[in-house]
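S.K.: missing the sequence, but the structure's below:
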Ligand code: C5P
């Protein structure tokens, strides 16, 4: 099941660290390669020698080990795995992860990576139930981190309740699930994101306030389900996702060209906030203030990328999804937009100032399809993305009957 899978295993400092030794054995039995990292506290419970003997390879222990850095830097180490597993994940390690601290090798690896992450918490029941830990758990789950356990049971400290680390075979099962191929494996999906910039002259441009957050979250969610994502982005505020085929563009016309070059795709998700107009002809040199009055800017209409992709007679993606940000009559406007543009679905949201959605972390959307309108509850933008990605996977799934 795990043949040729590369697991980076971080062993935290708790009594459950002894179970990490068995976990290494079980993973290797299934064909996985295990690269172990032992925290300083972890080394109080199990020795580097036993960890490296079971893993059959070197154990990494210290951020400032110059030999390690010469052989393999900590950044590279954090990325050369299919999955990072933290077992045991102590309350302290989880707090560091939730805060984004990077004071030692383990926390630095966890911050420097974009590899999927699975943690197996282990701690005293009161520590698990503490509000601070519960807040950290919410943060980590919100960040997309997977959990194995903890279980309820007797603890080494003599207490009873949740906080006992999952058994090695339970962790192995969670690892197998985490590494299973997603439902979008083999699917090629185009995502547009961010604003476009339309030059007025060499130093000025027309833009809009799109941050690219929702488009980036959608690309990430599609990748997480196994899709090959072609990500065409205008100049966005936030960093593009890792692991996608990235194409940076400035203008609407460049975006359309990049989208057409990406075809054929199974689905196109047009989340970009494309400028409707550009200058009819941008000035070749910087426009000057003149005594003769204000400049007259003449506009030309930009191509509509969503409509162009939707209305292709040849090579139309099987599913084309557009977005509608409206301040009035959301459902009526978005329903009309779906028909006008010819796309299959519209994800509509109300961006009136009172909703706090524009520039915020949450979104409340309507999904409009040919069968009607679904109102999704307000939720974080990455949850909207995950739910949309799952719907896309369902829509592209081959008929089962
Ligand atoms: O017409 P409106 O801009 O409201 O439509 C929004 C939807 O159309 C979004 O999905 C956006 O990505 C897409 N769009 C486009 N090209 C344009 C304008 C909008 O693809 N020129």
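M.R.: Received the coordinates, thanks. Just so you know, these numbers come straight off a predicted model, no measurement behind them.

S.K.: List the contacts of residue 179.
M.R.: Each residue near residue 179 by Cβ atoms under 8 Å, 6 or more residues apart in numbering is listed here: 2, 5, 82, 83. For every residue, glycine as well, the C-beta is placed using N, CA and C.

S.K.: and which of those residues is nearest to residue 50?
M.R.: residue 2 (21.6 Å; Cβ to Cβ).

S.K.: Would you tell me what helix or strand that closest one is located in?
M.R.: Using DSSP states H and E, residue 2 sits in no helix or strand.

S.K.: Go ahead and confirm it touches residue 30.
M.R.: Yes. Taking Cβ atoms under 8 Å as the contact criterion, residue 2 and residue 30 are neighbours in contact, 4.1 Å apart.

S.K.: related to what we said a few turns ago, would you reformat the contacts of residue 179 as JSON lines and include neighbour count?
M.R.: Converted to JSON lines, the contacts of residue 179 look like this (neighbours: other Cβ atoms under 10 Å):
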{"residue": "2", "neighbour count": "21"}
{"residue": "5", "neighbour count": "19"}
{"residue": "82", "neighbour count": "17"}
{"residue": "83", "neighbour count": "20"}
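
S.K.: Helix or strand next in line after the host helix or strand of residue 132, which one?
M.R.: Element membership for residue 132 (DSSP H and E) is helix 131-142. The first helix or strand that comes after helix 131-142 along the chain, using DSSP H and E, is strand 146-147.

S.K.: List the contacts of that following strand.
M.R.: 116, 117, 118, 119, 120, 121, 137, 140, 141, 174, 178.

S.K.: Filter these down to the buried ones, ChimeraX style.
M.R.: The following ChimeraX line selects those of the contacts of strand 146-147 that are buried, judged by 16 or more other Cβ atoms under 10 Å:
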select :116,117,118,119,120,121,137,140,174,178
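
S.K.: Sort out for me which of the contacts of strand 146-147 are in helices.
M.R.: Secondary structure of the contacts of strand 146-147 is defined by DSSP state H; positions in helices are 137, 140, 141, 174, 178.

S.K.: Which single one of these is nearest to the ligand?
M.R.: The shortest separation between the ligand and any of the ones in helices among the contacts of strand 146-147 is 29.5 Å, and it belongs to residue 141 (by Cβ to the nearest ligand atom).

S.K.: Please enumerate the helices of this structure.
M.R.: Counting by DSSP H, the chain has these helices, from start to end: 17-29, 48-55, 66-71, 74-79, 91-99, 105-112, 125-129, 131-142, 168-179, 213-224, 252-262, 305-310, 330-341, 381-396.

S.K.: Mind checking those helices for the one nearest to the ligand?
M.R.: Each of these was scored for nearness to the ligand using Cβ to the nearest ligand atom, and the closest is helix 305-310 (3.2 Å).

S.K.: List the contacts of that closest one.
M.R.: Contacts with helix 305-310, where a contact means Cβ under 8 Å, 6+ apart, come from 192, 252, 255-256, 259-260, 268, 270, 272, 274, 316-317, 320, 322, 340-344.

S.K.: buried subset of those?
M.R.: If you count burial by 16+ other Cβ under 10 Å, the buried members of the contacts of helix 305-310 come out as 192, 252, 255-256, 259, 268, 270, 272, 274, 316-317, 320, 322, 341-344.

S.K.: among those, which are in reach of the ligand?
M.R.: Under the cut-off given by Cβ under 6 Å from any ligand atom, the ligand has 192, 252, 270, 272, 274, 322 from these close to it.

S.K.: what residues does the stretch 151-300 of the chain put near the ligand?
M.R.: Close to the ligand, as judged by Cβ under 6 Å from any ligand atom, the stretch 151-300 of the chain has residues 192, 252, 270, 272, 274, 276.

S.K.: how about a cut-off of 8 Å?
M.R.: Of all the residues in the stretch 151-300 of the chain, those in contact range of the ligand (Cβ under 8 Å from any ligand atom) are 192, 252, 255, 256, 270, 271, 272, 273, 274, 275, 276.

S.K.: Spatially nearest residue to the first one, not counting backbone neighbours?
M.R.: Put plainly, it is residue 192. Counting by Cβ to Cβ, 6 or more residues apart in numbering, the nearest residue to residue 192 once its immediate chain neighbours are dropped is residue 272, at 3.7 Å.

S.K.: looking at this protein, which helix or strand is least sure?
M.R.: Scoring the helices and strands of the chain by mean pLDDT, DSSP states H and E places helix 66-71 at the bottom, with a mean of 63.

S.K.: Distance of the nearest residue to residue 125 once chain neighbours are set aside relative to residue 151?
M.R.: For residue 125, the nearest residue in space outside its immediate sequence neighbours is residue 161; the separation is 3.5 Å by Cβ to Cβ, 6+ apart. Between residue 161 and residue 151 the distance is 10 Å, computed by Cβ to Cβ, to the nearest Å.

S.K.: those strands in the stretch 151-300 of the chain, which residues are they?
M.R.: Assignment of strands within the stretch 151-300 of the chain using DSSP state E, counting those that start in this stretch yields the ranges 151-154, 160-164, 188-193, 198-199, 205-206, 228-233, 245-248, 267-270, 277-279, 299-301.

S.K.: With mean pLDDT as new columns, can those be given to me in JSON lines?
M.R.: JSON lines is the format used below for those (pLDDT from 0 to 100):
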{"stretch": "strand 151-154", "mean pLDDT": "86"}
{"stretch": "strand 160-164", "mean pLDDT": "89"}
{"stretch": "strand 188-193", "mean pLDDT": "97"}
{"stretch": "strand 198-199", "mean pLDDT": "98"}
{"stretch": "strand 205-206", "mean pLDDT": "96"}
{"stretch": "strand 228-233", "mean pLDDT": "94"}
{"stretch": "strand 245-248", "mean pLDDT": "91"}
{"stretch": "strand 267-270", "mean pLDDT": "98"}
{"stretch": "strand 277-279", "mean pLDDT": "97"}
{"stretch": "strand 299-301", "mean pLDDT": "98"}
